[in-house]
Structure formats: structure tokens, C-alpha cells
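Colleague: got a sequence here, can you build the structure:
(one chain, ligands or ions: 1)
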Amino acid sequence: MPTPRIVELAQIIASRTDELKEHLTSNDLPEPSFSPEGPIDAFGSATSDVQQAKNSVVEAAIELRQLLEGPVRSLLPEVSNFAPLAAIHRFKIATHVPMEGGITFSDLASLCGLLEHDLRRVIRYAATHHRVFCEPEKGLVAHTAASKLLAENEMFENLMGLTFAECWPAHSKAVDAMAERSEEPDRSGYALANSTNLNMFEFLAQHPDRAKRFARAMSSTSPASLDALASYFDWASLPDGSTVVDVGGAQGHVSFHLARKFPHISFVVQDLPEVVEGAEATMPEDLKERVKFFGHNMFNEQPVRDAEVYLLRYVLHDWPDKYCVNILQCLVPALKRGAKVVVQEHLLPEPGTLSLLQEMQLRSMDAIMMTLFNSRERDIEDWRTIFETANSNYCGFLATRVKANPSTGIIQVEWADKDSP
Ligand SMILES: C[S@@+](CC[C@H](N)C(=O)[O-])C[C@H]1O[C@@H](n2cnc3c(N)ncnc32)[C@H](O)[C@@H]1O
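Modeller: As a prediction, this is how the structure comes out:
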């Protein structure tokens with residue numbers, strides 16, 4: 001009789017967890033733990049083999065759980081209500097819990113301005129479902145690694161805000177948006193959830209605090225992703241004094257990263273005026289000469305002419321196809337022969353060709369794009385079509401998946417200017 005799948009999965013978990021234990025022991029590293037003293041990312045500094053072992057264990061554990069719990073649980077998953085996490089974010093509960101010892105439900109409720117019974121159920125739900133907070137003795141709330149992170153690290157505050165204050169309400173309206181069969185960003189789940197006829201960026205422009213949180217959440221991008229951008233396009237071969245225009249560059253974190261690696265290049269960071277406002281004042285001293293900010297709406301003609309590179313990093317996936325075509329067409333009057341357009345984006349795979357975790361991450365991102373913008377993630381052929389539709393002078397289309405993270409890639413095209421003499 002063949003080995004049942006659940007046994008195979010258990011064997012994968014056991015053998016690959018041994019590799020993880022070996023890595024921790026031989027490098028004298030702390031083991032993963034929910035305690036506030038536990039590591040944030042126990043395998044963050046590990047080699048790609050160890051990362052691979054970790055991903056195999058997680059994927060096997062997901063499949064094993066799904067098989068053991070059966071199809072009913074797949075349809076009605078245990079975690080489908082994010083109100084408790086949204087409440088933890090909104091009422092800043094983590095900041096009111098002391099780092100040492102604990103606090104009673106009643107004291108915590110008054111600090112947060114909540115009814116005690118509401119607070120108690122939020123905490124107990126989050127403790128069991130998400131390991132956020134624990135109750136070391138009955139009635140006393142204390143930190144776990146996750147709640148401590150939220151209390152101490154402003155970046156997580158911004159990311160939770162983006163997830164639970166912006167995305168979550170919009171997800172529940174995405175099906176209403178789908179029923180409208182609209183491909184307009186101002187009829188997305190996000191627009192419906194906010195009772196607005198504006199697209200998300202126009203709406204955020206009217207809500208500066210939320211816009212700031214969005215911009216800060218965007219700047220939390222992983223260093224590995226920025227390193228991929230730095231290494232999958234040959235920035236070093238650009239002539240001395242070259243200019244890169246970072247279209248939709250937010251507050252400049254991508255240009256800062258590239259500017260530090262390539263001191264012979266200057267950068268113009270373009271974004272909506274309200275996004276770039278004040279960015280120059282907070283710029284690192286060493287980059288002030290080479291990075292400039294410029295308020296510009298990318299649906300208007302590109303004003304910075306004859307740059308060597310126009311970079312669009314995670315900008316186009318926010319827009320339905322016809323808008324992407326329009327953005328690329330707005331670059332055209334500025335392009336000199338040989339200018340490059342460089343795009344960093346997710347690249348959808350053929351179903352089942354990436355690992356389960358990678359494909360889950362991509363499908364989640366695709367669903368978020370639908371919810372927020374009525375836009376989508378795209379595969380390589382979709383990207384080729386967008387460039388071809390925008391202008392036949394966009395030549396030499398080259399899309400390369402990033403080896404360490406093949407769900408993303410770098411696309412480059414060159415402006416051929418076939419019509420000029
Ligand atoms: C997903 S963020 C990407 C930010 C940055 N490129 C990065 O890689 O982190 C998309 C950016 O596009 C900007 N954006 C949206 N609409 C725009 C417009 N009409 N003109 C210029 N920038 C715009 C947003 O403000 C935001 O900073």
C-alpha cells in the first residue's frame with residue numbers, strides 16, 4: 001500500500017525541521033518562540049538552503065492541516081474575522097500594555113477607552129488565533145513577540161493600518177464592485193467601501209494622515225527586493241552623470257537605495273505633489289546633491305526629457321491595462337533613442353509552477369489589486385502586450401524573474417525611436 005499523503009507530509013515536516021534545528025544549534029541561535037524575548041525572524045540570516053527547508057515545513061504543515069480538517073473547513077476557515085486585529089490596531093492596545101509584567105483587563109480597557117468585555121474578547125481571540133498578547137494568569141494581559149513588535153516598531157503600525165483600515169473594509173465590498181463589471185479604479189471595492197467616486201490615490205490625497213501611512217507602509221519594502229532591482233539591471237554601465245527618473249517613487253526610498261550603490265547616477269523622484277511634499281527636507285545629507293524630488297502626475301506628459309532610465313517600481317500594477325498604456329505613452333515625448341524603461345513588478349506564474357507559498361503570496365497580491373484599484377498582477381505576456389500596445393518603439397522587451405524570489409521580476413525595454421532620422 002502506498003504511503004498515505006498525510007504520512008508523507010509528516011515525514012517532510014520531521015526531516016526538514018531537523019535541518020532547521022541543526023542550523024540553530026550550529027550557529028548558536030535562539031529557537032523560534034512566542035515569548036517577547038523570542039527572535040522576530042529566527043531564520044532571517046539563514047542560507048537559501050535553510051530558507052528552503054523552512055518553506056517546505058510551512059507548506060507541508062498547511063497541506064497537512066487542510067487534509068486533516070477536510071473540505072468543510074476550507075470553505076469556512078477558522079480565521080475569517082479580522083475585527084479583533086483591526087481593533088488592536090485602531091485602539092493602539094499594544095502601546096498600553098507594559099513591557100514587563102502585565103496589566104489587568106479593567107485597567108487596559110480604561111486606557112484604551114473600551115468596554116472591558118469588548119477588550120477581553122478581542123484579546124482572547126487574538127491570543128488564541130494570532131498569538132498576539134497572552135494571559136499568563138487569569139485576568140492579566142502581557143506581551144508576546146507579536147504584540148511587542150507592534151508596540152515598539154512604527155513600521156508594523158503602518159502596515160497594520162494599511163491592512164486593517166484600508167484593505168479589510170475594501171475586501172468586503174470587492175464582490176459588489178465585481179458585480180458592476182467595471183474596470184475603472186474609481187469603482188473598486190475600495191471606492192465603494194469609502195463611499196467615494198475617487199480612485200484610491202485621489203481619495204488618499206484628501207486624507208493626508210492616511211496618505212502618509214500608505215507611503216510609509218510602502219517604504220517597508222524588503223532590502224532583498226531593492227537589491228534585486230540593483231542587480232538585475234546593469235546600472236553600473238550607465239554613463240557618468242546619467243539621470244534616472246523614478247516615476248511614482250513615493251518618498252524616495254528606492255532612489256536612495258540605488259543612489260548609494262551607484263554614485264555616478266542622479267535621480268529625480270516623481271510622485272503626486274502631496275506625496276513628495278516635505279520629502280526633500282528629510283533626505284539623507286549625503287544624497288542631497290544627487291536626488292531631487294518633483295511633484296508630477298504621471299498621466300501628464302513627462303517633463304524630464306532625455307533621461308537614461310525611467311523607472312516604474314510597483315506602480316503599474318495599481319492600474320488597469322488601459323491606464324498602464326496611458327502612463328507609458330506619457331513618457332514617449334521625453335524619450336531619447338536608447339533610453340530604457342525599467343519596471344519591477346510581480347510576475348504571475350503558470351498555475352502550480354512556483355512553490356505553494358510563493359503562489360499564495362502572488363494570488364493574494366492579485367486579489368488586493370482587484371480590491372483596491374480594479375487592477376491586477378500580470379504574467380510576462382501581459383506585460384509584453386502592454387508595452388506593444390503603448391508604442392511600437394518600445395523594443396527589446398526583456399523580463400527576468402528574480403532567482404531568489406521568482407514571483408517577482410525586472411522588465412526592461414529600450415526606446416528605439418524608429419521614426420526619427
Ligand atoms: C505602490 S506605490 C510604489 C511606490 C514606489 N515606487 C515603491 O516601489 O515602493 C505606487 C506609487 O504611485 C504613486 N502614484 C499614484 N498615482 C500617481 C500619479 N497619478 N502620478 C504620480 N504618482 C502616482 C503613489 O503615490 C505611490 O507612491
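Colleague: spell out which parts of the stretch 301-421 of the chain neighbour the ligand.
Modeller: 313-315, 318 (CB under 6 Å from any ligand atom). C-betas here are computed from N, CA, C, even on glycine.
Colleague: mind running it again at 8 Å?
Modeller: Residues of the stretch 301-421 of the chain lying close to the ligand by CB under 8 Å from any ligand atom are 311-315, 317-318, 344.
Colleague: and these, which are buried?
Modeller: For those, a neighbour count by 16 or more other CB atoms under 10 Å gives the buried set as 311-315, 317-318, 344.
Colleague: I'd like to know which of these are part of helices.
Modeller: With helices defined by DSSP state H, no entry of these lies inside them.
Colleague: got the residues of the chain near the ligand?
Modeller: For the chain, the residues in contact with the ligand under the definition CB under 8 Å from any ligand atom are 201, 204, 211, 214-215, 218-219, 221, 246-251, 253-254, 270-272, 275, 296-299, 311-315, 317-318, 344.
Colleague: neighbours of the residue lying closest to residue 96 once chain neighbours are set aside, how many?
Modeller: With CB to CB, 6 or more residues apart in numbering as the measure, residue 111 is the residue that lies nearest to residue 96, at 4.2 Å, once sequence neighbours are left out. Counted with other CB atoms under 10 Å, the neighbours of residue 111 add up to 16.
Colleague: which SS class is residue 111?
Modeller: Three states are possible here, and by DSSP: H, G, I helix; E, B strand; the rest coil the one that applies to residue 111 is helix.
Colleague: show the pLDDT at it.
Modeller: On the pLDDT scale, residue 111 is placed at 98.
Colleague: gap between it and the ligand?
Modeller: Applying CB to the nearest ligand atom, to the nearest Å, one obtains 35 Å for the distance of residue 111 from the ligand.
Colleague: are any of the residues of the chain next to the ligand buried, and which?
Modeller: For the residues of the chain next to the ligand, a neighbour count by 16+ other CB under 10 Å gives the buried set as 201, 204, 211, 214-215, 218, 221, 246-251, 253-254, 270-272, 275, 296, 298, 311-315, 317-318, 344.
Colleague: just send the buried ones among the residues of the stretch 301-421 of the chain next to the ligand back as TSV, with pLDDT too.
Modeller: Formatted as TSV, these follow (pLDDT from 0 to 100):
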residue	pLDDT
311	98
312	98
313	98
314	97
315	98
317	97
318	97
344	98
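Colleague: just the closest of those residues to residue 91, please.
Modeller: Nearest to residue 91 out of these is residue 318 (CB to CB; 29.9 Å).
Colleague: next up, the contacts around the closest one.
Modeller: 185, 200-201, 369, 372-373, 375 (CB atoms under 8 Å, 6 or more residues apart in numbering).
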